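Trainee: please find the sequence and the predicted model below.
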Amino acid sequence: MKVKLLYFASVREHVGVASEDLELPDGVRTVGALRTLLRARGGSWQTAFAEGRVVRTAVNQSIAKAEAGVAPGDEIAFFPPVTGG
Amino acid sequence: MKVKLLYFASVREHVGVASEDLELPDGVRTVGALRTLLRARGGSWQTAFAEGRVVRTAVNQSIAKAEAGVAPGDEIAFFPPVTGG
Amino acid sequence: MKIAVQREPFDTGAELDALSARNPAVGALAAFVGLVRDVNEGAQVGTMTLEHYPGMTEKSIAAIVEEAQGRWQLIDCTVIHRIGELRPADRIVLVAVTSAHRGDAFAACEFIMDYLKTRAPFWKKEQTPEGARWVEARASDDQAAERWT
Amino acid sequence: MKIAVQREPFDTGAELDALSARNPAVGALAAFVGLVRDVNEGAQVGTMTLEHYPGMTEKSIAAIVEEAQGRWQLIDCTVIHRIGELRPADRIVLVAVTSAHRGDAFAACEFIMDYLKTRAPFWKKEQTPEGARWVEARASDDQAAERWT
């Protein structure tokens, strides 16, 4: 299944990509599994999604936890804690 | 001794006077005694300064209690609880 | 610090812009505007007249602001209170406070308003279809001011 | 209700006047303006760039305002947040709330600001003499938002 990934702020700068369309392999059906998949790309991806690092995830523009499911066509965004206001 | 008395808002309307200079009799040396003196004028004065009625007093523009002293030349004001803002 | 008791309307935007422009360390501006409502305690309000105690008013506002400055880290402050005859939707009062951080600005602004309501010698008289009446002091205003003691 | 995410500066006075003019039942207007400070965390700030997540930003602000409307008796609300490049003393954000009474207006305004700071997807990057840096999220902002839960 295909999903759209977005990266913002320091996460985007780390991985060097603002967005991508990704065909998820079977078995990747949660936010947590997707993050593990991205981390496994190694290099700056491994740093950006390192275990201790706080990276928030939004699925279809709502904050989602690691156990949240992902479905075909979802827009999934990764970003650091917000600092507006 | 002589003091200046001021009346504001509903107190002023009650007694029909905005200000007066008053020569205090001996023995009237506190805010409480002064209020008793004014109440003793009777009529609308008695109503305005009736026991149950909340009338605040300021001596030289600072809120004062019944036991506060009064001195020659003091400016003493009487008014209802404030309602600005 | 600016404290004004005046008959003339004030320009909220100009006051806030002037306040924050005075210092580039300002990160937060909290402001409150009180307005005349068209209905109060169930009665239609035509006009409202604000009386005050000249001299004591300015003194008591300065004391309130000084107390706020002792409690929070403030940069600057503007308090404007109108007197005389006002109509529904007219602005009565402006309290604006600047600080480096928002917590201090919010707390000080609310504190000053609560104390203005209970300590500054202003009195409101409303004209309603049933005649003129003095606005009664509210127990809720005393309670709001007591939160800070 | 007005929610705007925009590059252009906003006119605080015009926004506040429009907000209170819409309804003669407004007795209280509480407002907050956040500005770029010239010094942050000990470093001189030249410019600040605000990035956001288009779509989610507007959605999350609307959710924050809706939550405030459920908690307090509000009449109306304006939230404007700027994006793009800003300089010290520039206004970043305006939150303004109207109500019949001041307690509700103050609480809702501070609540919306606290939640904007911790829930709306904006990110600040500062240019300092030592180079560019992303502003770090503050624990104090999380604590401020937790007060309301």
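Mentor: That came through, no problem.
Trainee: next SSE after whichever helix or strand residue C:116 is part of?
Mentor: Using DSSP states H and E, residue C:116 sits within helix C:102-119. Where DSSP H and E defines the elements, the next helix or strand beyond helix C:102-119 is strand C:122-128.
Trainee: parallel or antiparallel, list what pairs with that following strand.
Mentor: strand C:48-52 (antiparallel), strand C:131-134 (antiparallel) (DSSP bridges).
Trainee: how much space is there between residue C:148 and residue D:29?
Mentor: Distance, residue C:148 to residue D:29, using Cβ to Cβ, to the nearest Å: 21 Å. Quick note: C-beta positions are derived from backbone N, CA and C, even for glycine.
Trainee: these two: which is more packed in?
Mentor: For the pair residue C:148 and residue D:29, the greater number of neighbours falls to residue D:29 (27 against 13), based on other Cβ atoms under 10 Å in any protein chain shown.
Trainee: chain neighbours aside, what residue packs nearest to the more buried one?
Mentor: Excluding its sequence neighbours, the residue lying closest to residue D:29 (Cβ to Cβ, 6 or more residues apart in numbering or on different chains) is residue C:33, at 4.2 Å.
Trainee: tally of neighbours for the one you found?
Mentor: 29.
Trainee: who are the contact partners of it?
Mentor: Neighbouring residues of residue C:33 by Cβ atoms under 8 Å, 6 or more residues apart in numbering or on different chains: C:12, C:91, C:93-94, D:16, D:20, D:28-29, D:31.
Trainee: please, which helix or strand holds residue C:93?
Mentor: Residue C:93 belongs to strand C:91-99, assigned by DSSP H and E.
Trainee: now for that strand, which elements pack on it?
Mentor: Counting contacts by 3 or more Cβ pairs under 8 Å, 6 or more residues apart in numbering or on different chains; DSSP states H and E, strand C:91-99 is packed against helix C:12-21, strand C:28-35, strand C:76-82, helix C:102-119.
Trainee: out of these, which is the most enclosed?
Mentor: Among the helices and strands packed on strand C:91-99, strand C:28-35 has the highest mean neighbour count (mean count of other Cβ atoms under 10 Å in any protein chain shown), at a mean of 26.
Trainee: and the next helix or strand past that strand?
Mentor: strand C:39-40.
Trainee: quick one: that following strand to chain centroid distance?
Mentor: 19 Å (Cα atoms, centre = their mean, to the nearest Å).
Trainee: wait, does the following helix or strand past that strand contact chain B?
Mentor: With elements assigned by DSSP H and E, the helix or strand that comes after strand C:39-40 is strand C:43-44. No: Strand C:43-44 lies apart from chain B when judged by Cβ under 8 Å from any Cβ of the partner chain; the minimum separation is 15.3 Å.
Trainee: contacts for strand C:43-44?
Mentor: For strand C:43-44, the external contacting residues (Cβ under 8 Å, 6+ apart) are C:38, C:126, C:128-130.
Trainee: top of these by neighbour count?
Mentor: That'd be residue C:126 among the contacts of strand C:43-44, by other Cβ under 10 Å, with 21 neighbours.
Trainee: next up, the contacts around residue 22.
Mentor: I'll assume chain A. With Cβ under 8 Å, 6+ apart, residue A:22 has these contacts: A:2-5.
Trainee: ah, I was thinking of chain C
Mentor: C:75-76, C:98.
Trainee: also residue C:145?
Mentor: C:114-115, C:117-119.
Trainee: could I get the helices and strands packed on strand C:91-99 as CSV with mean pLDDT?
Mentor: Formatted as CSV, these follow (pLDDT from 0 to 100):
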stretch, mean pLDDT
helix C:12-21, 95
strand C:28-35, 98
strand C:76-82, 98
helix C:102-119, 97
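Trainee: out of these, nearest to residue D:4?
Mentor: Closest to residue D:4 of the helices and strands packed on strand C:91-99 is helix C:12-21 (Cβ to Cβ; 16.9 Å).
Trainee: helix or strand for the residue of chain A found nearest chain B, just tell me which one.
Mentor: Per Cβ to the nearest Cβ, residue A:85 is where chain A lies closest to chain B, at 28.1 Å. Assigned by DSSP H and E, residue A:85 belongs to neither a helix nor a strand.
Trainee: the lengthiest helix in chain A and chain D in contact?
Mentor: Longest helix of chain A, by residue count under DSSP state H: helix A:31-39. No: residues of helix A:31-39 contacting chain D under Cβ under 8 Å from any Cβ: none, with a closest distance of 15.4 Å.
Trainee: what helices or strands is the following helix or strand past that helix leaning on?
Mentor: Sequence-wise, the next helix or strand downstream of helix A:31-39 (DSSP H and E) is helix A:43-48. Judged by 3+ Cβ pairs under 8 Å, 6+ apart, helix A:43-48 is in contact with helix A:9-15, helix A:31-39.
Trainee: could I get the buried residue list for the longest one?
Mentor: By neighbour count, and taking 16 or more other Cβ atoms under 10 Å in any protein chain shown as the criterion, the buried residues in helix A:31-39 are A:31-35, A:37-39.
Trainee: and the residues you listed near chain C, which?
Mentor: Within the buried residues of helix A:31-39, nothing lies near chain C by Cβ under 8 Å from any Cβ.
Trainee: give the helix, strand or coil label for the residue nearest to residue A:33 when sequence neighbours are not counted.
Mentor: Nearest in space to residue A:33, with sequence neighbours left out and distances taken as Cβ to Cβ, 6+ apart, is residue A:27 at 6.9 Å. Put simply, residue A:27 is coil when judged by DSSP: H, G, I helix; E, B strand; the rest coil.
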